[in-house]
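Peer 1: Coordinates only, no sequence provided:
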């Protein structure tokens, strides 16, 4: 924790910084330029070489690296007055070959400005949009980075921010025209038109404001002025929007009247709005926004997003993460995996390990009452793994993080979460009172393993849990998505075909429409039968079509990745696919463009169902052999016993002693972390391997002890020491 919650940095005007209202001295122009370049990167690492170029151009000093380090050191001291030198890396951090500034969104005015503009785009009413846009524009104290306007490294970002400011001003006036007195907007719009007479949107707004102020002649005169400006400066006529507006003014169209002044028969409700791929999810987004507002106010919450595969749970969790980041909350995420469902505390490690990467921060977060969780994030140590102590330690780790800023934990595909992690979530859910922590879990109905079903039911049954069940899309929403993807209004028969074929599943519908768009299908009645032909297996067929269009080694790379699952390092993927690392990297780029995998590293499939489509196309017997080879490659690469064992669980039994050794070691590791469910799973598989007779008694005894300990362990307490002692006492 950096203790710098009052630090504010300004880019919208002259570069400056303050703490609790006190302006800080950031040093000379060159030193300040280092901070400016880092801020413009918005948290990304800027290589030291680029910083040197920005500060000194083509005439760097002989000791440029040392001079840059000195500037960074001086900035750290000035941005964190009174903080000891060893703790001054909280604002400017060193990562790899360069530096980065890591601050919450609301502490840098340019970042907050963009977040507010995005929130205004989501606003449910013009009044709310106007409030947000007004707050965003109030952050500007002059031209962005005015003192560096002539620097090459600032030019593009200054242009972008200035352009976004111009758009925000236009959107603000447009919102005010919907809720305020239009005559009051005319002077502002006249000034805006004079500033930039070639922006047609400003002429449109001015004309609309004049017409709504009962100045029809002046509105037509404004349109003539717009035409003259465009013809004289650019040699072009006004665009479609202005031409259409002119026709409406001449016809005195009812659509030009302010919404609250319109009378007459009841109008049809507006069509569903497609927001960044989301449609007909206003209720769900409202529940997410409400929970995040509560979180922002220091309150806790538990959300369960439950529904069938492809109904939009993953997309809504992504929306929750985006909304939380806009509110400067800390966001930690994890995803359950069918392959890793027996991997002890796998979901917990996904959530927290990134925050524990730095040794000093790890020591701080896992200190005191959180110490009991240390065994979860380290190799198994003798004497560790007390079930209650681990859960208690993980709770305090969560509490420590929540003292820094509000915390959102998202867990997608919770039905495949390992039992130890789900037990922790149950434990945490009952102890959230007083903590600014929001837990949001996506649960695919019908997908839980038998042993985890009671834990998932326990989590959903928490008194404060809010269960969100996204429904299938209506035909109206289907029509909106068809128009969004195919660029034209669709015929009713075409819409009905899309809706019936996908049963209103957002994922299936989006996959279907992408395939239709790629094939150039028009959304008219004549092509409705094409929808029927493509649709019943929209995801599987489209994924397989995409794979068949790829080079054979790239398609094989996808199949290999589906066996290894999300999160595998690509060198391991390359080794198992029999490709060079360079070719594997090229292949992953091709798969990303084909929307099979994401662009981020480590590897993540575009959606779990995409991975399922690739995986299930592999014959079952071949899948077992591929998992066997994956286990061998992972073991050779230094993977943990549990990572290797995850593949051995579905590999064909061969009676190999080394397989039993790995499974036994994985069981020992799982038990040491208090995850007896995983230990029992590995031991059962070891017995299936038909090991030598000398192994049988020990394995059966250890399994019996693990199962007995498991029966006596609850989400709030559990002493596994007997089982652990038995496992540790067995030789391998």
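Peer 2: Received the coordinates, thanks. Because the structure is predicted, anything quoted here is derived from the model rather than measured.

Peer 1: how about the residue lying closest to residue 314 once chain neighbours are set aside, what does it touch?
Peer 2: If the residues on either side of it in the chain are set aside, residue 314 comes closest to residue 412, at 5.5 Å by C-beta to C-beta, 6 or more residues apart in numbering. Where you see a C-beta, it was placed from the backbone N, CA and C, and this is true even at glycine. Taking C-beta atoms under 8 Å, 6 or more residues apart in numbering, we find residue 412 in contact with 313, 314, 317, 333, 334, 335, 336, 441, 442, 608.

Peer 1: what does residue 590 give?
Peer 2: Residue 590 touches 550, 551, 554, counting by C-beta under 8 Å, 6+ apart.

Peer 1: Spell out for me which residue occupies the centre of the chain.
Peer 2: residue 318 (4.7 Å; C-alpha atoms, centre = their mean).

Peer 1: Now do the same for it: its pLDDT.
Peer 2: Note on residue 318: pLDDT of 92.

Peer 1: which helices and strands does the host helix or strand of it pack with?
Peer 2: Using DSSP states H and E, residue 318 sits within helix 313-326. Packing partners of helix 313-326 (3 or more C-beta pairs under 8 Å, 6 or more residues apart in numbering; DSSP states H and E): helix 109-122, helix 282-296, strand 301-307, strand 330-335, strand 407-412, strand 437-444.

Peer 1: one more time with 10 Å, if that's ok
Peer 2: Applying 3 or more C-beta pairs under 10 Å, 6 or more residues apart in numbering; DSSP states H and E, one finds that helix 313-326 contacts helix 109-122, helix 282-296, strand 301-307, strand 330-335, strand 407-412, strand 437-444, helix 506-518.

Peer 1: how far out from the middle of the chain is whatever helix or strand comes next after the first one?
Peer 2: Once helix 109-122 ends, the next helix or strand along the chain (criterion: DSSP H and E) is helix 126-137. From the chain centre to the centre of helix 126-137 is a distance of 25 Å (C-alpha atoms, centre = their mean, to the nearest Å).

Peer 1: Run through who's touching helix 126-137.
Peer 2: 12, 109, 112-123, 125, 164-165, 167-180, 259 (C-beta atoms under 10 Å, 6 or more residues apart in numbering).

Peer 1: What angle do helix 109-122 and that helix make with each other?
Peer 2: 170 degrees (axes from the mean of the first three to the mean of the last three C-alpha atoms, to 10 degrees).

Peer 1: residues of the next helix or strand after helix 126-137 that come out buried?
Peer 2: Sequence-wise, the next helix or strand downstream of helix 126-137 (DSSP H and E) is helix 152-179. By 16 or more other C-beta atoms under 10 Å, the buried positions in helix 152-179 come out as 153-154, 157-158, 161, 164-166, 168-177.

Peer 1: Over to stretch 662-671?
Peer 2: Result for stretch 662-671 [16+ other C-beta under 10 Å]: buried residues 662, 663, 664, 665, 666, 667, 668, 669, 670, 671.

Peer 1: again with stretch 647-655
Peer 2: Residues of stretch 647-655 classed as buried by neighbour count (16+ other C-beta under 10 Å): 647, 648, 649, 650, 651.

Peer 1: of the contacts of residue 590, buried ones?
Peer 2: 550, 554.

Peer 1: Pick the one among the contacts of residue 590 closest to residue 23.
Peer 2: Residue 23 has its nearest neighbour among those in residue 554, at 55.6 Å by C-beta to C-beta.

Peer 1: so how far is residue 573 from the closest one?
Peer 2: From residue 554 across to residue 573, the span is 12 Å (C-beta to C-beta, to the nearest Å).

Peer 1: can you check residue 438 too?
Peer 2: 34 Å.

Peer 1: Then residue 360?
Peer 2: 33 Å.

Peer 1: Among these two, which residue is more densely surrounded?
Peer 2: Higher neighbour count among residue 360 and residue 573: residue 573, with 24 against 10, using other C-beta atoms under 10 Å.

Peer 1: Run through the residues that contact the more buried one.
Peer 2: Here residue 573 is in contact with 557, 560-561, 563-564, 579, 581, 584-585, 587-588, 602-603, 630, 633 (C-beta under 10 Å, 6+ apart).

Peer 1: quick one on the thing from earlier: mind putting the helices and strands packed on helix 313-326 into JSON lines with distance to residue 374?
Peer 2: Output for the helices and strands packed on helix 313-326, formatted as JSON lines (distance: least, C-beta to C-beta, whole Å):
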{"stretch": "helix 109-122", "distance to residue 374": "35"}
{"stretch": "helix 282-296", "distance to residue 374": "28"}
{"stretch": "strand 301-307", "distance to residue 374": "26"}
{"stretch": "strand 330-335", "distance to residue 374": "18"}
{"stretch": "strand 407-412", "distance to residue 374": "20"}
{"stretch": "strand 437-444", "distance to residue 374": "21"}
{"stretch": "helix 506-518", "distance to residue 374": "39"}
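
Peer 1: Would you confirm that residue 514 contacts residue 521?
Peer 2: No. The criterion here is C-beta atoms under 10 Å, and residue 514 misses it with residue 521 at 11.1 Å.

Peer 1: Mind checking which of the two has more residues around it?
Peer 2: Set residue 514 next to residue 521 and count neighbours by other C-beta under 10 Å: residue 521 wins out with 18 against 15.

Peer 1: What values do phi and psi take at the more buried one?
Peer 2: With angles defined as degrees, to the nearest 10, residue 521 sits at phi -80, psi 130.

Peer 1: So for residue 376, what's the nearest residue that isn't a sequence neighbour?
Peer 2: Per C-beta to C-beta, 6+ apart, closest to residue 376 is residue 345, 4.8 Å.

Peer 1: In this structure that neighbour contacts residue 425, no?
Peer 2: No. Between residue 345 and residue 425 there is no contact under C-beta under 10 Å: 11.3 Å.

Peer 1: Overlap of the contact sets of these two?
Peer 2: With C-beta under 10 Å, 6+ apart as the test, residue 345 and residue 425 both reach 351, 394, 417.

Peer 1: Compare the residues you listed and tell me which has the most neighbours.
Peer 2: Ranking the shared contacts of residue 345 and residue 425 using other C-beta under 10 Å puts residue 417 first, with 34 neighbours.

Peer 1: wait, what's in contact with it?
Peer 2: Per C-beta under 10 Å, 6+ apart, neighbours of residue 417: 334-337, 340-341, 343, 345-348, 350, 411, 423-425, 441, 443, 448-449, 452, 455-456, 459.
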